[in-house]
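In: What follows is a predicted protein model with its sequence.
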Amino acid sequence: MNREAVEDFFYHEAALLDAWDLDGWMDLLCDDARYLVPPNDVPDGNPDTTLFIIADDMDRIRGRVKRLKSRDAHAEFPPSRTRRLITNVRILEQGDAELTVTANFSVHRFRRGGKGGEYVGHYVYKLRIEGDGFRIAERRAVLDAEELGGLGAVSFIL
Amino acid sequence: MSGMDDPAKILHSTAMNKNPYIIDNPGGNDFRLNRETLVDPDILVAERDRVFDQCWIYAGHDSEVPKPGDFKTRDVGGRPVILTRDGDDNVRLFLNTCRHRGAKVCREREGNTKRFYCFYHGWSYGNDGALVAVPGDDAYPDTFDRSELGLKDVPRFENYRGFWFASFNPDVEDLEPYLAGATEYIDLVVDQSADGNMEIVAGIQEYDIAANWKLLVENSFDDYHLHSTHSTWLEYMKDSGVSIKVPKGLLLPKKGIGRDLGNGHAVIDNYNFRGRPVATWISIYGEEAKPAVEAAKAELVERLGEERAERVANTNRNLFIFPNLMINDGSSVTVRAFWPEAADRMKVTAWALGPVGESAIMRKVRLDSFLTFYGPGGLATPDDVEALEQVQAGLTSTVKEVPWSVMTRGIAKDGEQLNSDELHLRTFWRRWNTMMTGEAAAIETAEAAE
């Protein structure tokens, strides 16, 4: 697996999320996937011992997606517009079954009459090799900001 | 202070307008809130002076600085402070400003040190605050007295069961009488711990809300909004196999109550119906956590007896400590303090609290349970934030046309107030109004009359 294949995968994922195709996005996840956003002050933390912003197992990811698709997810209704720029993709570890990959992100969020913002940081993915493609085993979005501050919430999929 | 900022002048101008902050007539079943209190920047200036600088303000928890030399920096009461434990094991709260020119002497978020060092001219201080080094001190006259130039302690600093509070009012009453009836509820929280010690868990949630701070006071213990604001969370719980049906309460009415605890503190108190890490298992915690949760309950029964154990393990409380601290003990324990940056913006800091020494699986369940509902990535808090920001946006530009909000839920009842009534909100506003204006509060309940 080379970097180009990983980049294609990330760009596809970003396009699904920016289009709010959340069911399509869930198809990219392994059945035991985890989605993590660590707290700004402990970016290297473990969610079993550190209070995270988001630490979802697949059950809560499904719940989160169901919620985000409803009209009653008030923080995301009407849904934010987002635009994701994914760069600096590097394969950190390559095993037979799994890759560890990092990439920088800048996610721009816009809301009508509400606050948007620029979410800047890096991802650490664990990608499981399936056939000639990947699925996501773990997706960790680490924010660079010292505090969430004016960004307010991580109410969409970061 | 400029004339515009003078609180006395603001009070005068409010009086001249003849618009009170609240209209409070429980006998006539009337309680209305002047919406200017949520939008007027001059009122915020007065609040800093008459409310925040007069009260006890939550500063931190004993467990955040466990060893001598440990420190954390933050803002408390609008001042930069250093929370530290000195070499004699005393927890201290210093104003983070050099006595020479005023720069912050500590710029790190946290750490352990024997010295706080001001890089500007090189003055340094011990972790007991003493000024220990002044470069080139031979140039100062004989009257220069190092012993008078240590880091300044906040005027008052006291703790109740590990929760440290600061006051910028030297004459404030002692912390424990100030907390009044809130101590009963802090005790219920702390009694979760076998040895009486709770700790703040690593990981701070710090986020802003574009709304007046008093809206978060209301929102943090307003059960009336649960079904309309948090339907997606209720749905998630249902999908996860957690019954949302309220069982018959042994200790409290089925729907829970709101109580005035004195001095502006208030609580909503309800029978648990959605799981508690201590110590009521629900399916969402996973089968592997069941023995640990049951063991925690057994420990409570052994230590506290059946009735008290049931109270600790199976009732929830959202405790408001006037003016800006919430301790929510339900699906997890959250400690949430907030501070107004402007009339329409606040900074929120939230921590998770757990018993010292709880098992790894219990800690995992506690943190996971926190995130289901709470925090900027939870399935509920972002909708609260959205609600408050929509309230603020609605109020700000319409206050002339729509000057009053109605806050009378439950006011006509003789008996207990439910957690979906608004007695606890009125309790906050009455205290706030008394501090702002000096007017005595109306008496609504027998409890308040005591």
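Out: Now that the structure is in, tell me what you want to look at.

In: does any bit of stretch A:140-155 sit next to chain B?
Out: Yes: using Cβ under 8 Å from any Cβ of the partner chain, stretch A:140-155 reaches chain B at A:146-155. Where C-beta positions appear, they are placed from N, C-alpha and C, glycine not excepted.

In: Output the below-cut-off pLDDT ranges for chain A.
Out: A:114 (pLDDT under 70).

In: Filter the residues of stretch A:140-155 next to chain B down to the ones in helices?
Out: Counting by DSSP state H, none of the members of the residues of stretch A:140-155 next to chain B fall within helices.

In: Now residue 83: phi and psi?
Out: No chain specified, so I'll use chain A. As for residue A:83, its main-chain torsions (degrees, to the nearest 10) stand at phi -140, psi 120.

In: hmm, I had chain B in mind actually
Out: phi -90, psi 120.

In: Residues in a beta bridge with it, which ones?
Out: residue B:72, residue B:93 (DSSP bridges).

In: What residue in the stretch 151-300 of chain B comes nearest to chain A?
Out: Closest contact between the stretch 151-300 of chain B and chain A, by Cβ to the nearest Cβ, is at residue B:203 (3.3 Å).

In: how about the nearest residue to that residue, chain neighbours excluded?
Out: residue A:51 (3.3 Å; Cβ to Cβ, 6 or more residues apart in numbering or on different chains).

In: residue contacts, the most centrally placed residue in chain B?
Out: Central residue of chain B (Cα atoms, centre = their mean): residue B:325, 1.1 Å from the mean position. By Cβ atoms under 8 Å, 6 or more residues apart in numbering or on different chains, residue B:325 lies in contact with B:57-58, B:335-337.

In: now residue A:12
Out: So residue A:12 contacts residue A:28 (Cβ under 8 Å, 6+ apart).

In: quick one, phi psi at it?
Out: The phi/psi pair for residue A:12 (degrees, to the nearest 10) is phi -60, psi -40.

In: okay, now the residue nearest to residue B:203: neighbour count?
Out: 30 (other Cβ atoms under 10 Å in any protein chain shown).

In: mind listing what it touches?
Out: A:39, B:201-205, B:351-352, B:367, B:370-371, B:375.

In: one more time with 10 Å
Out: Taking Cβ atoms under 10 Å, 6 or more residues apart in numbering or on different chains, we find residue A:51 in contact with A:38-39, A:41-42, A:45, B:200-205, B:332, B:334, B:350-354, B:366-367, B:370-371, B:374-375.

In: These, buried ones only, as a PyMOL selection?
Out: Remark: buried members of the contacts of residue A:51, expressed as a PyMOL selection using 16 or more other Cβ atoms under 10 Å in any protein chain shown:
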select buried, (chain A and resi 38+39+41+45) or (chain B and resi 200+201+202+203+204+205+332+334+350+351+352+353+354+366+367+370+371+374+375)
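
In: So which of the contacts of residue A:51 belong to strands?
Out: Counted as lying in strands by DSSP state E, out of those, are B:200, B:205, B:334, B:350-354.

In: wait, the residue of the stretch 151-300 of chain B closest to chain A sits on residue A:44?
Out: No: the criterion here is Cβ atoms under 10 Å, and residue B:203 misses it with residue A:44 at 11.1 Å.

In: shared neighbours, the two?
Out: If you check residue B:203 and residue A:44 against Cβ under 10 Å, 6+ apart, the residues they both contact are A:38, A:50.

In: Stretch B:358-367 near chain A anywhere?
Out: Yes: counting by Cβ under 10 Å from any Cβ of the partner chain, chain A has neighbours in stretch B:358-367: B:360-361, B:363-367.

In: same question, stretch B:37-50
Out: No: using Cβ under 10 Å from any Cβ, stretch B:37-50 stays clear of chain A, coming no nearer than 17.1 Å.

In: Quick one: end-to-end distance for that stretch.
Out: 14 Å (Cα to Cα, to the nearest Å).

In: Could you pull out the helices in chain A for me?
Out: A:3-18, A:22-26, A:58-69.

In: Which stretch among these is buried most, on average?
Out: helix A:58-69 (a mean of 18; mean count of other Cβ atoms under 10 Å in any protein chain shown).

In: Which secondary structure elements does that one sit against?
Out: Secondary-structure packing of helix A:58-69 (3 or more Cβ pairs under 10 Å, 6 or more residues apart in numbering or on different chains; DSSP states H and E): helix A:22-26, strand A:29-37, strand A:54-56, helix B:231-239, helix B:360-373.

In: The first one packs against which elements?
Out: Meaning helix A:22-26. helix A:3-18, helix A:58-69.
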